[in-house]
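In: my questions concern the predicted model and sequence given below.
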Amino acid sequence: MSDAIVIIPTYNEIENIESILKAVFSQSKDFDVLVVDDNSPDKTGDKVLELQSDYKDRLFLLQRKEKSGLGSAYISGFKWSLERSYNYIFEMDADFSHNPDDLERLYSACATENADVAVGSRYVKGITVVNWPLSRILLSYGASRYVRSITGMKVKDSTAGFICYKRAVLEKINLDRIKFVGYAFQIEMKFKAYKKGFKIVEIPVIFKDRTKGKSKMSGSIIYEAIFGVISLKLKSLFAKS
């Protein structure tokens with residue numbers, strides 16, 4: 001059993017799942033993987049079950065009954081991982097927008113360089129995004145600047161979803177009180193860690209847009225992120241008072 005587990009949430013990722021798992025398991029550092037599948041109509045979950053025989057005791061599946069949102073999937077994965085003895089718990093997408101070759105860099109930041117949270121960042125060294133239209137780059141980059149101005153966090157890529165958490169961080173955060181499910185979930189988790197005094201570092205990565213499957217981005221997710229930040233900040237102020 002590894003000391004690190006990579007949580008990959010899936011919904012209709014049949015085109016990517018076998019390749020992304022192979023890439024994670026081919027790293028020189030051993031990582032276990034937990035796929036959290038929201039009952040994908042394309043049978044992503046069935047494919048994971050089929051592949052478990054190839055990665056015995058390293059590949060796990062948490063099959064949920066319906067599509068319940070990214071944040072909810074990660075919370076389920078965090079709880080599952082905390083019930084086991086993993087010390088480093090990762091978030092990663094299934095679509096290769098996050099490069100599995102960067103997993104070891106995030107792991108090293110937490111395991112040997114004293115970070116509590118390591119964020120695979122698109123904006124810490126300029127803008128390192130490939131194959132996005134300019135409108136989406138401006139939206140994402142602008143959102144991160146907006147989050148910094150409202151929350152006071154120094155994190156330049158607050159909506160990033162490629163992350164390594166030390167176990168202690170997730171143990172200190174009340175996961176049952178995490179409110180958001182889309183991009184705002186990523187902001188909320190970082191904000192909670194920041195407010196509790198954990199050290200967050202950003203590791204520069206190159207983010208590539210998916211080439212297979214459909215994006216899960218929607219207007220409601222963007223709306224949640226924009227207005228959720230204000231809610232987070234106000235709640236933190238009331239908590240202080």
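Out: Looks like it arrived, so ask away.
In: okay, buried residues for the one helix or strand residue 22 maps to please.
Out: Using DSSP states H and E, residue 22 falls within helix 17-25. Buried residues in helix 17-25, counting neighbours by 16 or more other Cβ atoms under 10 Å, are found at 17-18, 20-21, 24-25. To be clear about C-beta, it is placed using only N, CA and C from the backbone, and glycine gets the same treatment.
In: so where is this structure shaky, pLDDT-wise?
Out: Within the chain, the stretches with pLDDT under 70 are 210-241.
In: that one: strands as residue ranges?
Out: 4-10, 32-37, 59-63, 88-91, 117-121, 129-130, 163-166, 200-204, 207-208 (DSSP state E).
In: strands paired with the second one, and their directions?
Out: Translated: strand 32-37. strand 4-10 (parallel), strand 59-63 (parallel) (DSSP bridges).
In: check the offset of the first one from the chain's centre.
Out: This means strand 4-10. How far strand 4-10 lies from its chain's middle: 8 Å, per Cα atoms, centre = their mean, to the nearest Å.
In: please apply the same query to stretch 145-162.
Out: Here stretch 145-162 is found 14 Å from its chain centre; the criterion is Cα atoms, centre = their mean.
In: buried sites along that stretch?
Out: In stretch 145-162, counting by 16+ other Cβ under 10 Å, buried: 147-148, 150-151, 153, 155-162.
In: and stretch 60-68, by the same measure?
Out: In stretch 60-68, counting by 16+ other Cβ under 10 Å, buried: 60-62, 64, 67-68.
In: and residue 181, which of the strands of the chain is closest to it?
Out: Shortest separation from residue 181 across these is recorded for strand 4-10, at 11.0 Å, computed as Cβ to Cβ.
In: for the closest one, buried residues please.
Out: 4-10.
In: what sits up against it?
Out: Residues outside strand 4-10 that contact it (Cβ atoms under 8 Å, 6 or more residues apart in numbering): 17, 20-21, 24, 29-38, 40, 44-45, 48, 70, 73-74, 77-78, 81, 84, 86-94, 103, 107, 164.
In: export the strands of the chain as a markdown table, with columns for distance to residue 194.
Out: A markdown table is the format used below for the strands of the chain (distance: least, Cβ to Cβ, whole Å):
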| stretch | distance to residue 194 |
| --- | --- |
| strand 4-10 | 21 |
| strand 32-37 | 25 |
| strand 59-63 | 28 |
| strand 88-91 | 16 |
| strand 117-121 | 9 |
| strand 129-130 | 24 |
| strand 163-166 | 13 |
| strand 200-204 | 6 |
| strand 207-208 | 22 |
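In: for residue 193, find the nearest of those.
Out: strand 117-121 (5.2 Å).
In: now that closest one against strand 200-204, angle please.
Out: Using axes from the mean of the first three to the mean of the last three Cα atoms, to 10 degrees, the direction of strand 117-121 lies 30 degrees away from that of strand 200-204.
In: so what are the sheet partners of strand 117-121 and their directions?
Out: Partners of strand 117-121 in its sheet, by DSSP bridges: strand 163-166 (antiparallel), strand 200-204 (parallel).
In: tell me which residues of the shortest one are tucked away?
Out: In this case it means strand 163-166. 163-166.
In: next one: that strand to chain centre, how far?
Out: 9 Å.
In: can you list contacts of it?
Out: 4, 78, 87-91, 103, 106-107, 109-110, 115-120, 186, 189, 193, 198.
In: any quick ChimeraX command for the buried ones out of those?
Out: Burial among those is assessed by 16+ other Cβ under 10 Å; the matching ChimeraX selection reads:
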select :4,78,88,89,90,91,103,106,107,109,110,115,116,117,118,119,120,186,189,193,198
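In: that older thread, closest to residue 143 out of the buried residues of strand 4-10?
Out: residue 9 (20.6 Å).
In: which residue is the nearest non-sequential neighbour of the closest one?
Out: Nearest non-adjacent residue to residue 9, counting by Cβ to Cβ, 6 or more residues apart in numbering: residue 73, 3.8 Å away.
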